[in-house]
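Novice: show me the folded form of this:
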Amino acid sequence: ESVQRVARHRAQRADKGFTTIECEKNLASADVPEGSVVLLEDLVNLMANEMFGGGDTSRILPALNALACKCQHLILVTNGVYATGSQLPPSLSSTRVALTKPVTVRSVNGPAVTQITGQKPNGSSAIRCAYVGNGAELIGFTLSDGGTMTNAVPVLNTTGGGAFCEDFGRITHCIIRDNTAHNIGGGVRGGTIINSVIVGNTTKTGGGAAYSVLVNCTVVSNTVTFNAGGTFEGSALNSIILSNTSPNYSATVIAYSLSTPLPAGSGNTDAQPLFANYAARDFRLLDASPGINAGSNTAESGTTELNGSPRLIGATVDMGAHENPGLTLDQDSDGLTDFEEHIADTSPTNSASFFPKILLTNAPAGQTALVIAPTSTGRVYGVYANTNLVQSPQTWTLVLPEQTGTASALTLTITNALPSVNYRTGVRLP
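Specialist: Purely as a prediction, here's the structure:
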């Protein structure tokens, strides 16, 4: 079966320029040419082989780091918690993941299921979560429980418990939480941080971030023993900096952001943000939040917010890491909210923009074929069944399998059931 699977994978990629390398254990032994573009598939199986097949799990993360630095681009297909191994970036202390070359490391399914865990408390055994060098970018991770050395030389080793970024390093779509640094930057030190939540970090100065450029970030519940619970130096645009050890900010250039006391600068407010559930760390904005449509569209905010929804819903970008999904907003008055139209990939400002046509076509006896044309990439389509349209509330059950949109027509074939069954199609986000 394994041999057949390998042959099938190679056949699927035969005309796509891939060279398939099988490496069931010891990823460092894979012969990957310098500067390659690598699709690393099923890290979960690799981990299982190392755990239960006579391997060594401690070598997985160092091998991943080495591979990332060797590749032009590395694409990972996996979820997981990365909490073993460490690297030594130039002149810095132990770091769980170190991007020392201008590479992009992106999780597949986001920070909710992909986590880099450092090691606390601060001291000789501490490990920060990530180092992001110039030109490198870390996308879609939770960085938690990192720490730094104490009284170290150079002093940089006592900063950036969650992440240490060089000036031109970037962190986007991340949750940086519950880290600690001995001196400065409990959550992150340096770099540009975009569409991220920074929460629950501790240090002496700059509990959330220090010397960083923040764009559409939510910085809350960070603590310090000396100065600036939220941000120290650097800048913040389209961000929320609130409920940190007072003061929320110090020596920070702030614009189109929410904080207290009211910051000097354009577009700022000191109103309450109206989070969905502050205690549960759910920092989405409620419909009445003053942060909605209150940012600046000139910021480099990207196309999606932290949870993967569009970064711009409505006329103006929201403040913070989350974009209010417009649960009640219906700009074109067609009976579908803007958020529902986003899911269907229809235009929220054009009432003539509809879900694609559904056609019935010939199918083998006992089956029905539904053609959806066209479909959208980045959407998942399915058929739902209901045996009683009179009942209230109605129950629609998904008929597996679903299919991912292709930017062209998609055929969903189902087996007819007896007694009669009513069918409808649906669409969702991946």
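Novice: quick check, N307 in contact with G320.
Specialist: No - using CB atoms under 8 Å as the test, N307 is too far from G320 to be in contact (11.7 Å). For the C-beta atoms, the positions are set from N, CA and C on the backbone; glycine is no exception.
Novice: of the two, who's got more company?
Specialist: G320 (34 against 16; other CB atoms under 10 Å).
Novice: in a helix, the more buried one, correct?
Specialist: No - read with DSSP: H, G, I helix; E, B strand; the rest coil, G320 is coil and lies in no helix.
Novice: touching, it and D282? I think so.
Specialist: No - contact criterion CB under 8 Å: G320 and D282 do not qualify, at 11.9 Å.
Novice: chain neighbours aside, what residue packs nearest to the spatially most central residue of the chain?
Specialist: Geometric centre of the chain, nearest residue: G140, 3.0 Å, by CA atoms, centre = their mean. Excluding its sequence neighbours, the residue lying closest to G140 (CB to CB, 6 or more residues apart in numbering) is S107, at 3.8 Å.
Novice: burial count for that neighbour?
Specialist: S107 is flanked by 23 other residues according to other CB under 10 Å.
Novice: thinking again about what came up before, state the distance from the residue nearest to the centre of the chain to G200.
Specialist: According to CB to CB, to the nearest Å, G140 and G200 sit 19 Å apart.
Novice: ok, now V253?
Specialist: As judged by CB to CB, V253 and G200 stand 25 Å apart.
Novice: who's more crowded, these two?
Specialist: When neighbours are counted by other CB under 10 Å, V253 and G200 differ, and G200 comes out ahead with 21 against 15.
Novice: now do that one against H322, distance only.
Specialist: Taken as CB to CB, the span from G200 to H322 is 17 Å.
Novice: what are the phi and psi angles of the residue nearest to the centre of the chain?
Specialist: Backbone torsions of G140, given as degrees, to the nearest 10, read phi 80, psi 40.
Novice: so, low pLDDT: which residues of the stretch 301-430 of the chain?
Specialist: Within the stretch 301-430 of the chain, the stretches with pLDDT under 70 are 326-329, 417-419.
Novice: surely L410 is in contact with T375?
Specialist: Yes - contact criterion CB under 8 Å: L410 and T375 qualify, at 4.4 Å.
Novice: overlap in contacts of the two?
Specialist: Y381 (CB atoms under 8 Å, 6 or more residues apart in numbering).
Novice: related to what we said a few turns ago, my read: the residue nearest to the centre of the chain touches I175, true?
Specialist: No - contact criterion CB under 8 Å: G140 and I175 do not qualify, at 9.5 Å.
Novice: where do the contact lists of these two overlap?
Specialist: Common neighbours of G140 and I175 (CB under 8 Å, 6+ apart) are P111.
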